[in-house]
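Peer 1: What follows is a predicted structure for the sequence shown.
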Amino acid sequence: MRVVVTGGWGFIGRAAVGELKARGHDVAVVDCLDPLSHPRRPPRHRGVRYRICRVGDVAAWREEMARADALLHLAARVSVMESQLRPAAYLRGNALETERMLRAAARGRGRPSKFVVASSVTAYGEGARRCPTHGPVYPHPRTRAALAARRWEPECPRCGEPTRRAPTPETAPLTGTSIYSITKRVQEDLVRSYATRAGLAWASLRLFNVYGADQNPRNPYAGVVMMFGARAAAGQPPIVFEDGRQGRDFLAVAEAARALADAVEGDRYEGQATNIASGRPTAVGEIAAAACDHFGGGAEPTVTHEGRLGDARTTYADLRLARRAGFRPRSDLLRDLPQLLEAADLRARAGRAGHGQDEARRAYRRAGVLVGPGGTPRGPPRGAGRKPR
C-alpha cells in the first residue's frame, strides 16, 4: 500500500512509519516539525519521502495524497495543559487544518480510499466510574472547589458521593473539557463525517498514554514517564500533583504502532472508534518513586497536593472491542521502566530537561489551571516529598 502519515516525524509517528515500512508499505511523511515537539530534526527512515509543511498546506503535498491508498492522520498539537494556555493555536492546528486536509482528500480525483485517525483518551474526561449506590456512572469534570478541598475522586452525578475507578468503554460520553480533548473529538468527528460522505473507509483509534524511550524529556509538557525520569536522573525530585494515587493507562509505543498499522492494512477497526491501551491503570506516584529508585541519589518525589483543572483522576480502557479485533497488549510500565529509562539515556540528557516540570508548573500557575488548597495556585506544602504509598 501507499500510505501518507501526517505527523510522521513525531514520537508515535516515527514508530508507526517504522512499522509500516517493516511490513513493506510505501510511506510518505507530512510534518511541520513544530519546535516544541522537535527541538532538533529527528532522523529519517530510509526509503521514506518527507514533506516539511503543515497538513493544511495541501498544495505542498497534493501529489502524495493523490497517489495514496490510505491516510494515517497523527499530526496534532498534543499537550492537554499547553492547550489551556494557547487555545487558538490548538483550534487552528488540530481542527481547522484537519478539516482543510480532509476536504481536499475527499474531493480529489486520486484520493485515498481509507482515513485512519489517532484520537485520544482525553476525550473521555473523567471516563467511566462506579458509584457504590448507583453503579456505573459518568461524572462531571472536577471543579476548582473540589480540587481545592482535595476531593480527588470524581463525584456521582446523582448523589454526589465519591466514585471508584472503572474501565471506560467506547460508548462513554466524550466530556473532556481541555481545548486539546475538544480538538481531538473534532478530528475524530471530521474523519467520520468526510469519509462517510465520500463513501470511504475510516477508523479511529483512541490511544491512551503512550510511552517510549524516544519521548522528548526537554518538552515541558511531555508525558510524565520521561519527565519524571529526567528529574530523577538530574537528582531533582519529580513533581507529583494531587496525592500521587491518580492513575493512567500506559501503552508501549511499539504496540500503538502495530495497532495503527493494522488499522491501515485491514478492516478489523473499520467504521468505529476503538480504545488502544493496556487495559489497567498505574498510579502516577508509583512511577515517580520507581524513577527515583532506579537512579538513586536520594531524590524522592514531591507530592504537591495541587490539582490541575481539566485533568482526569484515573482513566483506563475497556478493551473488549480491541480484543475482538485481535489486539493483545503486553505493556507493563513498571516492569519496563528500568530498561526504558536506560534506553532513553537520561543521565546524559538530564541537565536542562530536568527543569521542564518547573517551567510547566509556572505556566500552569499563570494560566490559573493549577489549584491548591483554598482554590488558589500554590507551591508544594512543607513536609511534602515522601514517596506516595
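Peer 2: Thanks, I have the structure now.
Peer 1: So for residue 104, what's the nearest residue that isn't a sequence neighbour?
Peer 2: Nearest non-adjacent residue to residue 104, counting by C-beta to C-beta, 6 or more residues apart in numbering: residue 58, 4.2 Å away. Every residue, glycine included, has its C-beta placed from N, CA and C.
Peer 1: ok, now residue 177?
Peer 2: Residue 177's closest residue in space is residue 141 (C-beta to C-beta, 6+ apart), at 4.9 Å.
Peer 1: What is the neighbour count of that neighbour?
Peer 2: 17 (other C-beta atoms under 10 Å).
Peer 1: got a list of what it touches?
Peer 2: 125, 126, 154, 175, 177, 309, 310 (C-beta atoms under 8 Å, 6 or more residues apart in numbering).
Peer 1: Ranking by neighbours, what's the top pick from these?
Peer 2: Neighbour max across the contacts of residue 141 (other C-beta under 10 Å) = residue 126, 27 neighbours.
Peer 1: Quick one: residues contacting that one.
Peer 2: 138, 139, 140, 141, 142, 154, 175, 312, 313, 315.
Peer 1: Farthest pair within these?
Peer 2: The most widely separated members of those are 140 and 315, with 14.8 Å between them, by C-beta to C-beta.
Peer 1: ok, the two, which is more surrounded?
Peer 2: Shown here are residue 140 and residue 315; by other C-beta under 10 Å, residue 315 has more neighbours (27 against 15).
Peer 1: how near is the closest residue to the more buried one other than its chain neighbours to residue 243?
Peer 2: Using C-beta to C-beta, 6+ apart and skipping residues adjacent in sequence, the residue nearest residue 315 is residue 127, 4.3 Å away. Note on residue 127: its distance to residue 243, by C-beta to C-beta, to the nearest Å, is 19 Å.
Peer 1: Residue 231 now?
Peer 2: According to C-beta to C-beta, residue 231 stands 19 Å off from residue 243.
Peer 1: Settle it for me: which of these two has more neighbours?
Peer 2: Per other C-beta under 10 Å, whichever of residue 231 and residue 243 has more neighbours is residue 231, with 29 against 17.
Peer 1: can you tell me which residues contact the more buried one?
Peer 2: Contact analysis of residue 231 by C-beta under 8 Å, 6+ apart lists 237, 238, 239, 291, 299, 354, 357.
Peer 1: any idea whether it is helix, strand or coil?
Peer 2: With DSSP: H, G, I helix; E, B strand; the rest coil as the basis, residue 231 sits in helix.
Peer 1: would you list every one of the helices in the stretch 201-350 of the chain?
Peer 2: Along the stretch 201-350 of the chain, the segments classed as helices by DSSP state H, counting those that start in this stretch run 224-233, 253-265, 284-295, 320-324, 333-343, 346-353.
Peer 1: wait, the residue nearest to residue 104 sits on residue 64?
Peer 2: No. Applying C-beta atoms under 8 Å, one finds residue 58 not in contact with residue 64, separated by 10.0 Å.
Peer 1: What are the buried residues along the strand or helix carrying residue 360?
Peer 2: Per DSSP states H and E, residue 360 falls inside helix 356-367. Within helix 356-367, the residues that count as buried by 16 or more other C-beta atoms under 10 Å are 356, 357, 360, 361, 363, 364, 365, 367.
Peer 1: Can I get those in a markdown table including distance to residue 11?
Peer 2: Formatted as a markdown table, these follow (distance: C-beta to C-beta, whole Å):
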| residue | distance to residue 11 |
| --- | --- |
| 356 | 15 |
| 357 | 18 |
| 360 | 17 |
| 361 | 22 |
| 363 | 21 |
| 364 | 22 |
| 365 | 27 |
| 367 | 24 |
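Peer 1: Lowest pLDDT pick from those residues?
Peer 2: Note: of the buried residues of helix 356-367, the lowest pLDDT belongs to residue 356, at 74.
Peer 1: And residue 45, how far from residue 32?
Peer 2: For residue 45, the distance to residue 32 equals 18 Å [C-beta to C-beta].
Peer 1: re earlier: how near is the residue nearest to residue 177 to residue 310?
Peer 2: 7 Å.
Peer 1: Give me the common contacts of those two.
Peer 2: With C-beta under 8 Å, 6+ apart as the test, residue 141 and residue 310 both reach residue 177.
Peer 1: quick one, longest helix in the chain?
Peer 2: Taking DSSP state H as the criterion, the chain has its longest helix at helix 179-198.
Peer 1: Give me the helices and strands touching that one, please.
Peer 2: helix 80-85, helix 87-90, helix 97-107, strand 114-120, strand 201-207 (3 or more C-beta pairs under 8 Å, 6 or more residues apart in numbering; DSSP states H and E).
Peer 1: most centrally placed residue in this structure?
Peer 2: residue 209 (5.1 Å; C-alpha atoms, centre = their mean).
Peer 1: hmm, back to that, which of the helices of the stretch 201-350 of the chain sits closest to residue 192?
Peer 2: It's helix 253-265; of the helices of the stretch 201-350 of the chain, that one is closest to residue 192 (C-beta to C-beta) at 13.9 Å.
Peer 1: How far away from the center of its chain is stretch 158-174?
Peer 2: Between the centre of stretch 158-174 and the centre of its host chain there is 20 Å, according to C-alpha atoms, centre = their mean, to the nearest Å.
Peer 1: That stretch: end-to-end distance?
Peer 2: Counting by C-alpha to C-alpha, to the nearest Å, you get 19 Å between the two ends of stretch 158-174.
Peer 1: Name the residue most distant from the centre of the protein?
Peer 2: Here the centre of the chain is the reference, and by C-alpha atoms, centre = their mean the most remote residue is residue 109, at 33.7 Å.
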